[in-house]
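**Student:** Structure, please.
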Amino acid sequence: MNKTLVILAAGIGSRFGGGIKQLEPVDDHGHIIMDYSIHDAIAAGFTKIVFIIRHDIEKDFREVIGNRIEEVCAAHHVEVAYAFQELSDMPDFPGKEQVTGRTKPWGTGHAVLSCDGLLDSPFCVINADDYYGKEGFVKAAQFLEKEQYGLVGYVLKNTLSDNGGVTRGICSVQDGKLVGIKETKNIIKTAGGAEADGSAIDTESLVSMNFWCYPQKFMDVLKNGFPVFLENLSDPMKEEYLLPIIADAMLQDGVAFTVLSSHDRWFGVTYKEDKPDVVNSFRKLIADGAYREDLYGDLG
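**Tutor:** Below you'll find the predicted structure:
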C-alpha cells in the first residue's frame, strides 16, 4: 500500500541561513531535523513525501533542502511533491471583506488542504522542525493500512525543554481512543515533574506533537469544513483552521481516533538554547548505532 508523509514547512522564512530553526544543522554532517524524519519515514515504508511550502520560498527551499532530498528519495523509489499554502487561497464566503489585510496564515488544516489533488493514499502529517523518533513512524505506517484516523502520542516528560515553557496538546485517552485534546501553554519542568501556571501536570500524560494519521477521505472533511470555518470567524485577523480543533469537532461527531503511543524522546529547537542539547542527543543516537553518520546509507 502507498503511504504519504506530509511535512508542514510553510512556516520556514524567506531568508535562509542562520536563525531559521528548521534549517539548523543538528549533527556533524550538516543534516537537519527534517532529514531524520524523512529517513525514518522511508525506512518505515512511506512511498511519497509532500512538502507544504509557500511560493515565495520555493526557489530557496529547493536549492537548500528540496533538491538534495529529492535525490535521496529517488534513490529509494520515493516520490516527492510540493504543495503551496497561500493566505489568499480560500473560497468566497459571507464576510470575506473582514479578512482584508490579514497577514496571519490560516493554520495547519488549511495547509493540509493545499495538498488537494496530490494525495492518492492514506497519509501522515508532521511538523518540519520536530524529531519524532523511529517508533512513531513504524507504528504510523502500519496503522495507515487500516485507513482510519489516528494520532501518534508522546509521553509529556519526553517532550519538555530545559530552557523554558512549551505548549502541548494534552490528550485524554480511553481504551486506546482519543477522547479530547486540551491545548496547554507554558508547561515547564519542575523538581517534581511539570506544571503550567502553577498547576501540576502528570508527566506520564500523552501529548500531541502534531503527528496525525489520516485516511485519504480526510481531504473531504477539510474541503467541507473550511468554508464553514470562514463563515463563522470570531476573530477574522487571528483565528486559525487547526488540525487539533478539527479533530476535536470530529470526536464530538463520533469519529474515532486511535492513539498510537511512542516512547521515543522528542527533540526540537523551541529555544536557541535548546540547540546544544539537540546536537548532543543526535550524536548519542549515532554513537549508539540508531543512525549511521551518512544517515541514509542504511536504507539499501
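**Student:** Might you calculate how far stretch 48-66 sits from the centre of the chain?
**Tutor:** 16 Å (C-alpha atoms, centre = their mean, to the nearest Å).
**Student:** Can you verify my assumption that N158 contacts S261?
**Tutor:** No. N158 is not in contact with S261 according to C-beta atoms under 8 Å; the separation is 10.8 Å. Placement of C-beta: from N, CA and C, glycine included.
**Student:** now the helices: where do they sit in the stretch 101-250 of the chain?
**Tutor:** 108-113, 134-144, 218-231, 243-252 (DSSP state H, counting those that start in this stretch).
**Student:** buried sites along the third one?
**Tutor:** Think helix 218-231. Neighbour counts over helix 218-231 (16 or more other C-beta atoms under 10 Å) mark 218-219, 221-222, 225-226, 229-230 as buried.
**Student:** Show me which of those is closest to E135.
**Tutor:** Of all the buried residues of helix 218-231, E135 sits closest to F218, with 23.1 Å by C-beta to C-beta.
**Student:** got a list of what the closest one touches?
**Tutor:** Going by C-beta atoms under 8 Å, 6 or more residues apart in numbering, F218 touches Y149.
**Student:** Among the helices of the stretch 101-250 of the chain, single out whichever gets nearest to L8.
**Tutor:** Nearest to L8 among the helices of the stretch 101-250 of the chain is helix 108-113 (5.6 Å), distances taken as C-beta to C-beta.
**Student:** Keeping just the C-alphas, turn that closest one into PDB.
**Tutor:** What follows is helix 108-113, C-alpha atoms only, in PDB (Å, rounded to 0.1, in the frame of the first residue of the first chain):
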ATOM      1  CA  THR A 108      -2.400  23.600   9.800                       C
ATOM      2  CA  GLY A 109      -5.800  22.500   8.500                       C
ATOM      3  CA  HIS A 110      -5.600  25.000   5.700                       C
ATOM      4  CA  ALA A 111      -2.000  23.900   5.000                       C
ATOM      5  CA  VAL A 112      -3.000  20.300   4.500                       C
ATOM      6  CA  LEU A 113      -5.900  21.400   2.300                       C
END
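**Student:** Packing partners of that helix?
**Tutor:** strand 4-8, helix 218-231, helix 243-252 (3 or more C-beta pairs under 8 Å, 6 or more residues apart in numbering; DSSP states H and E).
**Student:** residues in contact with the residue nearest to L178 when sequence neighbours are not counted?
**Tutor:** The shortest distance from L178 to any residue other than its chain neighbours is 4.0 Å, reached at F257 (C-beta to C-beta, 6 or more residues apart in numbering). Taking C-beta under 8 Å, 6+ apart, we find F257 in contact with 149-151, 177-178, 247, 250-251.
**Student:** and if you look at V26?
**Tutor:** 32-33, 36, 131, 267, 275, 278-279, 282.
**Student:** TSV please, covering the buried residues of helix 218-231 and showing distance to I187.
**Tutor:** TSV is the format used below for the buried residues of helix 218-231 (distance: C-beta to C-beta, whole Å):
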residue	distance to I187
F218	28
M219	32
V221	29
L222	29
G225	29
F226	30
F229	27
L230	31
